[in-house]
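*Asks:* heads up, no residue letters with this:
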């Protein structure tokens, strides 16, 4: 097992009198930049939709929301399990952290598989005009962020299995949780925009 020392600059959460650790501050700033990125995509979508005479264009069905709703619930549940992992490591329970992160990762994979299944059964592609391009751009970029978050969670899980986290040293876990909650919130906004708003 690899022990974490109190001088580890990447994982100190407590003991910094000036407040938030630098890794967590870096994650907050990164998420802020991602908010602007997705904000631009949403702005483009609503601008294009407002100028369209018909949405979706003639010949294309409205998106069905029932199956995406199920996978939305899966992603929301994954945020709950991730937060349970954070609560566990704050108590110093590394085994519970490992278990909750593994469950979160599994739920993230289920969500991505659901998104791919949805893609395979849609009656339009990214080449079908502005409707198809905006839909696949928004959901595709979000899927890429979920995939990246899954890689991050896998690294956190590996580190938890090798004893690299403790009650006092777990900034990477907190950062993973922040990022995962972010992709969850973005998807809820996407689901409401694309599947519910008619």
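*Replies:* Happy to help now that I have it. Note that the structure is a prediction, hence the values are computed from the model and not measured. Numbers count the residues shown, from 1 in each chain.
*Asks:* could you use CA atoms for every contact and neighbour count after this?
*Replies:* Noted.
*Asks:* next one: the helix ranked longest in the chain to chain centre, how far?
*Replies:* Counting by DSSP state H, the longest helix found in the chain is helix 129-161. For helix 129-161, the distance from its own C-alpha centre to the chain's C-alpha centre is 7 Å (C-alpha atoms, centre = their mean, to the nearest Å).
*Asks:* touching the helix or strand hosting residue 178 from outside, list them.
*Replies:* Assigned by DSSP states H and E, residue 178 falls within helix 171-191. Applying C-alpha atoms under 8 Å, 6 or more residues apart in numbering, the contact partners of helix 171-191 are 10-13, 21, 23-24, 27-28, 31, 38, 68-69, 72, 75-76, 79, 82-83, 86, 138-139, 142, 145-146, 149, 152-153, 156.
*Asks:* report the buried members of the residues you listed.
*Replies:* Neighbour-count burial (16 or more other C-alpha atoms under 10 Å) applied to those gives 11-13, 21, 23-24, 27, 31, 38, 68-69, 72, 75-76, 79, 82-83, 86, 138-139, 142, 145-146, 149, 152-153, 156.
*Asks:* okay, now the unreliable bits of the protein?
*Replies:* Within the chain, the stretches with pLDDT under 70 are 1-19, 198.
*Asks:* kindly recompute the last result at 80.
*Replies:* 1-20, 59-62, 198 (pLDDT under 80).
*Asks:* can you give me the helices in it?
*Replies:* 22-51, 66-90, 94-120, 129-161, 171-191.
*Asks:* distance to residue 59 added to these, as CSV?
*Replies:* Below are the helices of the chain laid out as CSV (distance: least, C-alpha to C-alpha, whole Å):
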stretch, distance to residue 59
helix 22-51, 16
helix 66-90, 21
helix 94-120, 18
helix 129-161, 12
helix 171-191, 22
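*Asks:* looking at those helices, spot the one closest to residue 57.
*Replies:* Among the helices of the chain, the nearest to residue 57 by C-alpha to C-alpha is helix 129-161 (7.3 Å).
*Asks:* would you mark the buried spots in the closest one?
*Replies:* Neighbour count says helix 129-161 has 130-132, 134-136, 138-139, 142-143, 145-147, 149-150, 152-154, 156-157, 159-161 buried, by 16+ other C-alpha under 10 Å.
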